[in-house]
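Asker: Sharing a sequence plus its predicted fold:
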Amino acid sequence: MYTENQIQIFVLISSIFLGLFILTTVYLIIKLKLNGILLRKSKERLKEYSEDLEKMVEKRTVQLEKSEKSYRHLYELNKGILENSPGGIIRLDSELKIRYENPEMRRILGVPSGEESKAIGMDIRELPSIKETGISAIFKDLFDGKEIAIEIPFTSIYGKETYITLKGVPIFGNDKFTGAVLLINDITERKQSEDKIKASLKEKEVMLKEIHHRVKNNMQVIISLLRLQARNIKNKQAIEIIRVSRNRIKSMALIHDRLYQSQDLAKISIAKYIQKLTIDLFRSYKISSNEIKTKINIADISLDINSAIPCGLIINELISNSLKHAFPKDKEGEININFHSDNNSNLTLIFSDNGIGFPEDIDFRNTESLGLQLVNILVKQLNGTIDLEANGGTTFRITFPS
């Protein structure tokens, strides 16, 4: 039998264990409830995260679809531009090997329809026409970021002969040379047209030279006829008229002779013309350059035939007038001819001598002298003006548009 103390101890121990069991049970129940609450919240958060992720994926998918559409549109646009470009286009890689050529480039190369181009994969510098013309070195500029431009005769690897212009544009990525684009135009027809035009111009140039030559020869025949006629004339006045006429014709013949000898058939150098004209007039009047000296100061001026002939006739008349009237009785003197342009696009001819001077009682604009009448008419023809200064000699100043 158990004693009362034992029973009390047993009851106490049982109460303690029962209390611990109850506390443990309560703890487990509370923990399970807390875990349930946490699990429920975790599920709710996971669901929220899942929904947010789905939205982000959906949004990103839409963005990617738009980007893909934009890329496809851009690709098709660029492809359309390349495929329909009127000029040839070549894409080179970083080693200058050909990686792409558009249809126009295939036509320039002469690639047979339906065949793959033999040029694909080739180094552009190894193409026969590039190599043979010695211009391979120019492609080195592409590596330095420089554009290149050349115009060359071109024979493709298929044997097709053309004339092309080539422009190269380098391409860089992250400061590194990644390749280049070559723009090539077939200018064969243009070059052929230019050659025809050049040939035609050359032919017309020869014809024009021949015309000037024949005009000059015809004038020389007239001069010779006048010289022969003068031999049979005894009247000094008539002889002088013939000589003056002969000199006028010679001044015009000299223009055509200069044009015939000139590289530029449109204009002649007035300096050489005036020097030759002066020498011929001194010889015609049998006057030595030791008796009457000449000083000629002429700028680098060229005149067309419409200005050169009247200008030459004016100088012819003024020199002739000085040689006949300014230095009587073998008087020595000097003739000065200055010809220059000013800042207003005008030309100024200053003719002067230090002879006896122009008669004060004669109006050079209204005179019976055929020579001075001719000078005034020719100045008007040039749309110019003429002024006379008589101070210790005679000075004519003529200005006309260049």
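Answerer: Received the coordinates, thanks. None of these values were measured; they are calculated from a predicted model.
Asker: biggest helix in the protein by residues?
Answerer: helix 4-84 (DSSP state H).
Asker: Give me the next element, helix or strand, following it.
Answerer: strand 88-92 (DSSP states H and E).
Asker: what's the angle between the longest helix of the chain and strand 88-92?
Answerer: 140 degrees (axes from the mean of the first three to the mean of the last three C-alpha atoms, to 10 degrees).
Asker: This protein: helices as residue ranges?
Answerer: 4-84, 103-109, 128-132, 140-143, 188-231, 236-261, 270-284, 305-321, 370-381.
Asker: The last one: which residues count as buried?
Answerer: Put plainly, it is helix 370-381. Residues of helix 370-381 classed as buried: 371-372, 374-375, 378-379, 381 (neighbour count, 16 or more other C-beta atoms under 10 Å). (Glycine included, C-beta is placed from N, CA and C.)
Asker: does Tyr163 have beta-bridge partners, and which?
Answerer: Pro153 (DSSP bridges).
Asker: mind listing what it touches?
Answerer: 151-154, 186-188, 190-191 (C-beta atoms under 8 Å, 6 or more residues apart in numbering).
Asker: Grab the most central residue of this protein for me.
Answerer: By C-alpha atoms, centre = their mean, the chain has its centre lying nearest to Ala149, at 13.3 Å.
Asker: out of the helices of the chain, which comes closest to Ser94?
Answerer: Across these, Ser94 has its closest neighbour in helix 140-143 (9.0 Å, C-beta to C-beta).
Asker: thinking again about what came up before, now do the residue nearest to the centre of the chain against Leu166, distance only.
Answerer: 7 Å (C-beta to C-beta, to the nearest Å).
Asker: residue ranges with poor pLDDT in the stretch 1-150 of the chain?
Answerer: Across the stretch 1-150 of the chain, the ranges flagged by pLDDT under 70 are 1-2, 4, 6-8, 10-11, 26, 67-68, 70-82.
Asker: again, 90 this time
Answerer: In the predicted model, the stretch 1-150 of the chain carries pLDDT under 90 at residues 1-94, 96, 98-150.
Asker: I'd like to know how many residues surround Tyr285.
Answerer: A total of 14 residues lie near Tyr285 under the criterion other C-beta atoms under 10 Å.
Asker: Could you find the closest non-adjacent residue to it?
Answerer: What sits nearest to Tyr285 in space, not counting adjacent residues and going by C-beta to C-beta, 6 or more residues apart in numbering, is Leu323, at 4.8 Å.
Asker: Double-check the one you found against Ser289; I have them as touching.
Answerer: No. The pair Leu323 / Ser289 is not scored as a contact, 11.4 Å apart, by C-beta atoms under 8 Å.
Asker: Find the residues that touch each one of these two.
Answerer: Counting by C-beta under 8 Å, 6+ apart, the residues touching both Leu323 and Ser289 are Phe282.
Asker: coming back round to it: generate JSON lines for the buried residues of helix 370-381, with distance to Met122 and pLDDT as supplementary columns.
Answerer: Formatted as JSON lines, those follow (distance: C-beta to C-beta, whole Å; pLDDT from 0 to 100):
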{"residue": "Gly371", "distance to Met122": "78", "pLDDT": "81"}
{"residue": "Leu372", "distance to Met122": "79", "pLDDT": "83"}
{"residue": "Leu374", "distance to Met122": "75", "pLDDT": "84"}
{"residue": "Val375", "distance to Met122": "74", "pLDDT": "85"}
{"residue": "Leu378", "distance to Met122": "69", "pLDDT": "85"}
{"residue": "Val379", "distance to Met122": "71", "pLDDT": "88"}
{"residue": "Gln381", "distance to Met122": "67", "pLDDT": "88"}
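Asker: how about the residues you listed in CSV, adding distance to Leu313?
Answerer: What follows is these, written out as CSV (distance: C-beta to C-beta, whole Å):
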residue, distance to Leu313
Gly371, 10
Leu372, 12
Leu374, 7
Val375, 8
Leu378, 6
Val379, 10
Gln381, 10
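Asker: ok, so of those, who is nearest Gly179?
Answerer: Closest to Gly179, out of all of those and judged by C-beta to C-beta, is Gln381, at 65.9 Å.
Asker: do you know how far that closest one is from Asn306?
Answerer: 9 Å.
Asker: Equivalent analysis for Val375, please.
Answerer: 17 Å.
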